[in-house]
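Colleague: Below are the sequence and a predicted model for it; my questions follow.
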Amino acid sequence: MKKRRFLFAVGLILIAGILVYVGGTGAGKAQKKSAAPPDAYSEKTAGSGESAEETPLVEVPSDKQQLIGVKLTEAAFKPLSKTIRTVGRVESDERKITTVNLKVEGWIEKLYADYSGKYVKKGDPIADIYSPELLSTQLEFANLLKWKDEKSGQRIQRNIEFSWGDRYGTTAQMTTVDIEAVLRVAKQKLMLWEIPEEQIKKIEETKEPIKTFTVHSPVSGYIFQKPVVKGTRVAPGDKIVDIVNLSGVWIIADVFEPDLPLVKVGQKAKITLSYFPDKTFSAKIDFIYPFLAEATRSAKVRFSVPNPQMLLKPQMFTTVEIAVDMGKRLVVPDSAVLDSGRRQLVYVDKGEGYFEPRVIVTGLRANGIVEVLRGLKPGERVVSSAAFLIDSESKLQGITRE
């Protein structure tokens, strides 16, 4: 038992001696070869203009480099591009939505646009409207036409009572009436209420009012909102239907906050749908919305896409790919940069198994490479593989720390 304890103690002394010897040798070599970083960035010297202090080098012998798989890559100017992939949604083009409403009070006696999704052409009937107010104005217009025929369009000296004066609690009396002028006023009133020209001509021919007037579609498209049914009472300004033209649609895509500086109006994008794997739609960004969604931290980007075959329907989901060309920039592999959150560090090869820890300032990242704004020069070689192992060795040697 005593013999075992003795051997164990001797082993501990030998191990301690070896560690002291190796640590002293490594520290001596690190002290032997040191150099100031040629373009290192340091918060201490950046503002004052003083020369940076010499940085100790990390020694990793060549055999150990092969063992841990160290690879070196030169910092160089290369084309930097990025593809922003996101999800889009098909929406109706707001500029192609038309609301059909009334400028007079009435009731819907017949509804031709009787279900949502129905396609109507420009000029097709939407609804027949009965309006007591409109019927009264038609009676006045018809009576004036009769009086004109009786007097052959001449001026007359008589009192004429107009029914519209009753609406204001008075009786409007006119003398020396110019029938032609009054007829123009009455006709203009009907036109301002958007009574169809054909209906006004029919009144002029028959000298009789028409009980209902027909509302026609001002555009071609699909009915997608219909808040009324047959018999509904409508007031001036009330909506009868909304009509949307889907010959062109919008695709609204979400671009997250970090990618927003890269997107601009006019950039091209490739749009695909899982429903049509053999089709690709090409579009350009025509608008970037000026606000962010609080929950997703993303902004909406809009594309206008022709839709002649009606393949794209509102609320379909799409895949959007925006290719961004950022030109040539000084870059290193993303794996070469050790980011602690407070700083970005690379290890620069100084030759003969020595590496210099260098603080850099990074910019854009894309496709596995990162832009270097400050801290490196073109042609300098950095550790691009096993950098974290060299960083661990540096910490063991007391050269770097968080």
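Modeller: Looks like it arrived, so ask away.

Colleague: all helices of this structure, in order?
Modeller: Here the chain has its helices, by DSSP state H, at 2-32, 43-46, 62-68, 132-151, 179-192, 197-206, 387-396.

Colleague: Mind listing what's buried along the fifth one?
Modeller: When neighbours are counted by 16 or more other CB atoms under 10 Å, the buried residues of helix 179-192 are found to be Ile179, Val182, Leu183, Ala186, Lys187, Leu190. Backbone N, C-alpha and C define where each C-beta goes, glycine included.

Colleague: how about the strands of the stretch 301-402 of the chain, start to end?
Modeller: Using DSSP state E, counting those that start in this stretch, the strands of the stretch 301-402 of the chain run over 317-333, 338-339, 344-351, 354-366, 369-374, 381-385.

Colleague: before we move on, the earlier item: between the helices of the chain, which gets the lowest average pLDDT?
Modeller: Least confident of these, judged by mean pLDDT, is helix 43-46 with a mean of 36.

Colleague: Can you spell out the domain ranges of the protein, please?
Modeller: The chain breaks down by automatic domain parsing into domains covering 32-80+328-396, 84-94+246-325, 97-244.

Colleague: Now do the buried residues in stretch 128-146.
Modeller: Within stretch 128-146, the residues scored as buried using 16+ other CB under 10 Å are Asp128, Ile129, Ser131, Leu134, Thr137, Gln138, Glu140, Phe141, Ala142, Asn143, Leu144, Leu145.

Colleague: Just give me how far it sits from the chain centre.
Modeller: Its chain's C-alpha centre and that of stretch 128-146 lie 51 Å apart, by CA atoms, centre = their mean, to the nearest Å.

Colleague: Only alpha carbons, please: show it as PDB.
Modeller: Only the C-alpha atoms of stretch 128-146 are listed here, as PDB (Å, rounded to 0.1, in the frame of the first residue of the first chain):
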ATOM      1  CA  ASP A 128     -83.000  47.700 -61.000                       C
ATOM      2  CA  ILE A 129     -83.700  50.500 -58.500                       C
ATOM      3  CA  TYR A 130     -87.100  52.000 -57.600                       C
ATOM      4  CA  SER A 131     -86.700  55.600 -56.200                       C
ATOM      5  CA  PRO A 132     -89.700  57.800 -55.400                       C
ATOM      6  CA  GLU A 133     -87.500  60.900 -55.600                       C
ATOM      7  CA  LEU A 134     -86.200  59.900 -59.000                       C
ATOM      8  CA  LEU A 135     -89.800  59.000 -60.200                       C
ATOM      9  CA  SER A 136     -90.900  62.500 -59.100                       C
ATOM     10  CA  THR A 137     -88.100  64.200 -61.100                       C
ATOM     11  CA  GLN A 138     -89.000  62.100 -64.100                       C
ATOM     12  CA  LEU A 139     -92.600  63.200 -63.900                       C
ATOM     13  CA  GLU A 140     -91.500  66.900 -63.900                       C
ATOM     14  CA  PHE A 141     -89.200  66.200 -66.900                       C
ATOM     15  CA  ALA A 142     -92.100  64.500 -68.800                       C
ATOM     16  CA  ASN A 143     -94.500  67.300 -68.000                       C
ATOM     17  CA  LEU A 144     -92.100  69.900 -69.300                       C
ATOM     18  CA  LEU A 145     -91.700  67.900 -72.500                       C
ATOM     19  CA  LYS A 146     -95.500  67.900 -72.900                       C
END
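
Colleague: Show me the contact partners of that stretch.
Modeller: The contact list for stretch 128-146, computed with CB atoms under 8 Å, 6 or more residues apart in numbering, reads 102, 104-110, 112, 162-164, 179, 182-183, 186-187, 189-190, 193, 195, 203-204, 207-215, 234.

Colleague: Let's see the ChimeraX selection covering just the buried ones among those residues.
Modeller: The buried residues among the contacts of stretch 128-146 can be selected in ChimeraX (16+ other CB under 10 Å) with this line:
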select :102,104,106,108,112,162,179,182,183,186,187,190,193,195,203,209,210,212,213,214,215,234
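
Colleague: Among the contacts of stretch 128-146, which lie within strands?
Modeller: Within these, residues falling in strands by DSSP state E are Gly106, Trp107, Ile108, Glu109, Lys110, Phe162, Thr212, Phe213, Thr214, Val215, Val234.

Colleague: how about the fourth one, what does it touch?
Modeller: Listed by CB under 8 Å, 6+ apart, the contact set of Glu109 reads Ala127, Asp128, Ile129, Tyr130, Thr212, Lys230, Gly231.

Colleague: ok, it to Lys201 distance?
Modeller: In this view, Glu109 and Lys201 are 22 Å apart by CB to CB, to the nearest Å.

Colleague: still on that earlier bit, show me the two of the ones in strands among the contacts of stretch 128-146 that sit farthest apart.
Modeller: Within the ones in strands among the contacts of stretch 128-146, two members stand farthest from each other by CB to CB: Lys110 and Phe162, at 31.0 Å.

Colleague: re the thing from before, ok, of the ones in strands among the contacts of stretch 128-146, which one's closest to Ser282?
Modeller: Closest approach between the ones in strands among the contacts of stretch 128-146 and Ser282, by CB to CB: Val215, at 39.6 Å.

Colleague: Correct me if wrong: the closest one contacts Asp124.
Modeller: No: under the criterion of CB atoms under 8 Å, Val215 is not in contact with Asp124, lying 10.3 Å apart.

Colleague: so what's Leu72 closest to, chain neighbours aside?
Modeller: Among residues not flanking Leu72 along the chain, Arg381 sits closest, at 4.5 Å (CB to CB, 6 or more residues apart in numbering).

Colleague: Neighbours of that neighbour, how many?
Modeller: 19 (other CB atoms under 10 Å).

Colleague: any idea how far stretch 327-340 is from the chain center?
Modeller: Chain-centre distance of stretch 327-340: 29 Å, with CA atoms, centre = their mean.

Colleague: now do stretch 322-329
Modeller: For stretch 322-329, the distance to the chain centre is 19 Å (CA atoms, centre = their mean).

Colleague: What residues of that stretch count as buried?
Modeller: Ile322, Val324, Arg329.

Colleague: got those residues as TSV, with pLDDT and distance to Leu364 columns?
Modeller: Converted to TSV, these look like this (pLDDT from 0 to 100; distance: CB to CB, whole Å):
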residue	pLDDT	distance to Leu364
Ile322	94	15
Val324	89	9
Arg329	91	7
